[in-house]
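> Sequence plus the predicted model coming up.
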Amino acid sequence: MSGDPREHVARGRRVLALEREALAEVEARLDERFADAVALIAAARGRVIVSGVGKSGLIGRKIAATMTSTGTPATYLHPTESVHGDLGIVGPGDVAILLSKSGETEELAPLLNELQRLAVPVVAITGRPDSTLGRLATVTLDAGVREEACPHDLAPTTSTTAALALGDALAVALLQHLGFRREDFARLHPGGSLGRKLLLRVRDVMERERAPVLGPGATVRHAIVPLAERRGIVCVGDKGGSLLGVFTAGDLTRVLEQGDGALATPLGEAMTRGGKRAAPDELASAVVGRMERHGIVAMPVVDGEALVGVVHLHDLLRAGAA
């Protein structure tokens with residue numbers, strides 16, 4: 001037994017290399033049967049029932065969780081418990097995913113028999129497509145590997161990685177097929193920071209009542225105080241409430257460089273026309289990215305052409321938009 005750190009690193013790299021090579025082989029074998037599996041699951045009126053034994057069962061739980069969180073309702077069913085009452089969760093509109101490296105797992109046989117009796121279609125993820133499970137399944141996905149990363153070729157390592165990757169591939173293909181959006185993901189993950197980030201909109205952070213607005217006839221002198229108080233932006237609007245442009249600290253510097261009389265310049269002449277704008281329903285994270293790319297710290301918020309508020313970068317960051 002060696003305690004040499006270099007040996008540990010070498011062993012770790014060997015495992016990663018073996019698993020990478022195995023995934024490359026699984027990818028190369030992926031064919032129209034994968035598309036058939038996606039179509040079969042997408043057409044199901046009920047849930048996806050996922051089952052497996054041992055390490056395959058653990059992978060099955062992860063696949064079920066990933067599918068559920070990305071718009072495809074799924075649940076894990078232990079094969080032994082299924083024939084002791086839990087089979088009641090299976091309905092005629094369901095579809096099943098069964099995982100087994102050998103395809104001959106004894107504990108899966110009673111469940112497979114019951115699924116066939118109920119006419120529930122089965123997607124098999126197995127290392128042996130010619131096995132009993134592979135032959136009886138509606139669609140079989142080949143998760144075979146040449147060897148496990150375990151030096152004794154015993155502990156499920158490479159094989160479980162292959163099965164998990166195929167499960168992830170199914171989940172992602174399904175979410176794209178179903179048109180699952182970022183907003184849908186946020187709705188299903190309201191308790192996490194990612195969910196909060198995806199749910200946060202500009203309207204939740206913007207200032208409404210205190211948004212500094214002056215008319216185009218006001219002068220630069222009139223804008224200096226609100227420019228300082230309102231953190232670097234003054235909106236220029238017409239009497240109808242439409243945004244005409246913005247006057248920023250950068251605009252002030254440019255005008256003052258003109259010398260005497262600069263403070264009497266009308267904002268209609270000194271302002272930046274057009275410019276970057278945000279919409280109330282935009283994702284706050286998207287606006288943060290736009291501000292950072294263009295080097296600005298505040299942005300007017302418009303609904304159509306009507307000015308409805310101002311949003312500041314620091315407020316967005318404080319609210320957790322990035």
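Arrived safely. Numbers count the residues shown, from 1 in each chain.
> Three-state assignment for Val236, please.
Classification of Val236 by DSSP: H, G, I helix; E, B strand; the rest coil places it in strand.
> go on, Gly240?
Under three-state DSSP, Gly240 falls in the coil class.
> What number of residues are in the vicinity of it?
Neighbour count for Gly240, taken as other C-beta atoms under 10 Å: 7. Every residue, glycine included, has its C-beta placed from N, CA and C.
> same check, this time on the one 5 residues further on
Neighbour count for Gly245, taken as other C-beta under 10 Å: 20.
> what's the closest non-adjacent residue to Pro73?
Leaving aside its sequence neighbours, Pro73 sits nearest to Arg47 (C-beta to C-beta, 6 or more residues apart in numbering; 4.6 Å).
> which residues sit in contact with that neighbour?
73-75, 91, 94 (C-beta atoms under 8 Å, 6 or more residues apart in numbering).
> Let's see which of those end up in strands.
Within the contacts of Arg47, membership in strands is found for 74-75, as judged by DSSP state E.
> how about the contacts of Arg47 in JSON lines, adding pLDDT, distance to Met291 and neighbour count?
Listed next are the contacts of Arg47 as JSON lines, based on pLDDT from 0 to 100; distance: C-beta to C-beta, whole Å; neighbours: other C-beta atoms under 10 Å:
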{"residue": "Pro73", "pLDDT": "86", "distance to Met291": "38", "neighbour count": "12"}
{"residue": "Ala74", "pLDDT": "90", "distance to Met291": "39", "neighbour count": "25"}
{"residue": "Thr75", "pLDDT": "91", "distance to Met291": "43", "neighbour count": "17"}
{"residue": "Gly91", "pLDDT": "84", "distance to Met291": "49", "neighbour count": "13"}
{"residue": "Asp94", "pLDDT": "93", "distance to Met291": "47", "neighbour count": "21"}
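> State the pair within the contacts of Arg47 that is farthest apart.
By the measure C-beta to C-beta, Ala74 and Gly91 form the most distant pair in the contacts of Arg47, at 13.3 Å.
> What spatial separation is found between the residue nearest to Pro73 and Leu252?
61 Å (C-beta to C-beta, to the nearest Å).
> repeat for Ala137
In this view, Ala137 and Leu252 are 71 Å apart by C-beta to C-beta.
> Then Glu292?
22 Å.
> Between those two, point out the one with more neighbours.
Ranked by neighbour count (other C-beta under 10 Å), Glu292 and Leu252 place Leu252 first, with 20 against 13.
> confidence score at that one?
The model reports Leu252 with a pLDDT of 89.
> surely it meets Leu227?
Yes - shown here, Leu252 and Leu227 form a contact pair, counting by C-beta atoms under 8 Å, at 6.4 Å.
> How about stretch 113-124, which residues are buried there?
Buried positions in stretch 113-124, judged by neighbour count with 16 or more other C-beta atoms under 10 Å: 114-115, 120-124.
> Reformat the residues you listed into JSON lines and put pLDDT, secondary structure and distance to Arg318 next to each item.
Output for the buried residues of stretch 113-124, formatted as JSON lines (pLDDT from 0 to 100; DSSP: H, G, I helix; E, B strand; the rest coil; distance: C-beta to C-beta, whole Å):
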{"residue": "Glu114", "pLDDT": "89", "secondary structure": "helix", "distance to Arg318": "55"}
{"residue": "Leu115", "pLDDT": "92", "secondary structure": "helix", "distance to Arg318": "52"}
{"residue": "Val120", "pLDDT": "94", "secondary structure": "coil", "distance to Arg318": "50"}
{"residue": "Pro121", "pLDDT": "95", "secondary structure": "coil", "distance to Arg318": "50"}
{"residue": "Val122", "pLDDT": "96", "secondary structure": "strand", "distance to Arg318": "51"}
{"residue": "Val123", "pLDDT": "97", "secondary structure": "strand", "distance to Arg318": "46"}
{"residue": "Ala124", "pLDDT": "97", "secondary structure": "strand", "distance to Arg318": "50"}
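> and of those residues, the nearest to Gln176?
Taking the buried residues of stretch 113-124 together and measuring to Gln176 by C-beta to C-beta, the closest member is Val123, at 17.7 Å.
> before we move on, what SS does Val301 have?
When classified by three-state DSSP, Val301 comes out as strand.
> Let me see the contact set for it.
Neighbouring residues of Val301 by C-beta under 8 Å, 6+ apart: 202-203, 206, 277-280, 307-311.
> Quick check: beta-bridge partners of it?
Per DSSP bridges, the residues bridged to Val301 are Ala278, Gly309.
> and it, what pLDDT?
Value for Val301, per-residue pLDDT: 91.
> and it, how far is that from Ala278?
5 Å.
> so what's in contact with the two at the same time?
Here Val301 and Ala278 have 202, 206, 311 as joint contacts, going by C-beta under 8 Å, 6+ apart.
> Make TSV out of the residues you listed and add distance to Ala17.
What follows is the shared contacts of Val301 and Ala278, written out as TSV (distance: C-beta to C-beta, whole Å):
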residue	distance to Ala17
Val202	47
Met206	51
Val311	48
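> Out of these, grab the one that's most surrounded.
Val311 leads the shared contacts of Val301 and Ala278 on contacts (other C-beta under 10 Å) with 27 neighbours.
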